[in-house]
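Undergrad: After the sequence you'll find the predicted model.
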Amino acid sequence: MNKNPSPDRIKMFLAALLILGLAGCNSRLHIGSRALDLDFGPGQTPHPTYTSRPTYTLRPTYTPRPTYTPKPTFTFLPMPGAAFQTISAPGEGEISQFATSSEASSHYSQTGDSALQALGPPDTAECGDLSSSWASRSSTGKDWLLLTYDQPVIPTRIVIYQTYHPGAVTLVELVDKAGDLITVCERAPVIISQCYYLLEIPIINVYKPVNSIRVTIDQSNHNGWNGIDAVKLIGRLK
């Protein structure tokens, strides 16, 4: 028996393979004792693999840099006595004196920068953040310095020796023997470029003796401590 397929059968087999391929079929072919699995035509198109959306890290929120007020440029002077800021000597019948006791709402330390540094004549040789002048605890708030003098006088002038960041003095009051306060100067704080600086306050219309001065400073718009080295009281005995 002839086991070779005839040409007609081969043609029929190839035609069948073509039809199966167009249909996209799978088939098993037996050749002798062997079986072969055949895939015909295009297989199923696999589903596309999607890449997950990336996770974005939020940008940090930046705090804007603060705007700083530039420090004033100071004209540095030696101990007071420059020609443009000379304090005249006491007139006839006047005496001048410096404080012999003091206290303050606060001070930067118990020794240097304390209220004790405002006693007696000025001893700070130059403008600067020096411990030989009184400085309050904070450089941004309001504070006061109270000075007392040995001799009660009818006041005619006050001179405040400022050694650092002058211009913060906003209120100057006299204290009479009864403890009453008399305002002799009240103004807004200013930044003064000249340092060392002498604030001279003429006094009129005060006819009773006083022996204490209270100086109030407001440093809220300044760039540092307002140093006060001494406060001179000038007046008449009667």
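TA: Cool, got the structure. Predicted model, so just to flag it, every value in this text is computed and none were measured.

Undergrad: CA atoms for contacts and neighbours, from now on please.
TA: Fine.

Undergrad: contacting residues for residue 120?
TA: Listed by CA atoms under 8 Å, 6 or more residues apart in numbering, the contact partners of residue 120 are 98, 99, 100, 230.

Undergrad: Assumed the last one was part of a strand.
TA: When you say that, I think you mean residue 230. Yes: assigned with DSSP: H, G, I helix; E, B strand; the rest coil, residue 230 falls within a strand.

Undergrad: Neighbours of the spatially closest residue to it that is not a sequence neighbour, how many?
TA: Spatial nearest neighbour of residue 230, excluding adjacent residues (CA to CA, 6 or more residues apart in numbering): residue 118 at 4.6 Å. Burial of residue 118 is recorded as 30 neighbouring residues (other CA atoms under 10 Å).

Undergrad: Correct me if wrong: residue 118 contacts residue 227.
TA: No: using CA atoms under 8 Å, residue 118 is not in contact with residue 227; the gap is 9.4 Å.

Undergrad: Need the residues touching each of those two.
TA: 133, 134.

Undergrad: Need the mean per-residue confidence for stretch 173-186.
TA: On average, the pLDDT along stretch 173-186 is 93.

Undergrad: buried sites along that stretch?
TA: 173, 174, 175, 176, 181, 184 (16 or more other CA atoms under 10 Å).

Undergrad: Endpoints of that stretch, how far apart?
TA: One end of stretch 173-186 to the other measures 9 Å (CA to CA, to the nearest Å).

Undergrad: now what about that stretch, what contacts it?
TA: 170-172, 201, 203, 208-215.

Undergrad: helix, strand or coil for residue 188?
TA: State at residue 188, reduced to three classes by three-state DSSP: coil.

Undergrad: And the strands in the chain?
TA: Using DSSP state E, the strands of the chain run over residues 26-31, 34-39, 75-76, 94-98, 101-104, 142-164, 169-176, 181-186, 194-195, 197-202, 210-218, 227-236.

Undergrad: Give the pairing partners of the longest one; include direction for each.
TA: Looking at strand 142-164 with DSSP bridges, its partner strands are strand 101-104 (antiparallel), strand 197-202 (antiparallel), strand 210-218 (antiparallel), strand 227-236 (antiparallel).

Undergrad: So which of the ones you listed is nearest residue 134?
TA: strand 227-236 (5.2 Å; CA to CA).

Undergrad: For the nearest residue to residue 236 once chain neighbours are set aside, give its distance to residue 156.
TA: Using CA to CA, 6+ apart and skipping the chain neighbours, the partner closest in space to residue 236 is residue 94 (4.5 Å). Separation of residue 94 from residue 156 (CA to CA): 8 Å.

Undergrad: Would you mind telling me which of these two has more residues around it?
TA: Using other CA under 10 Å as the criterion, residue 94 and residue 156 rank with residue 156 on top: 21 against 17.
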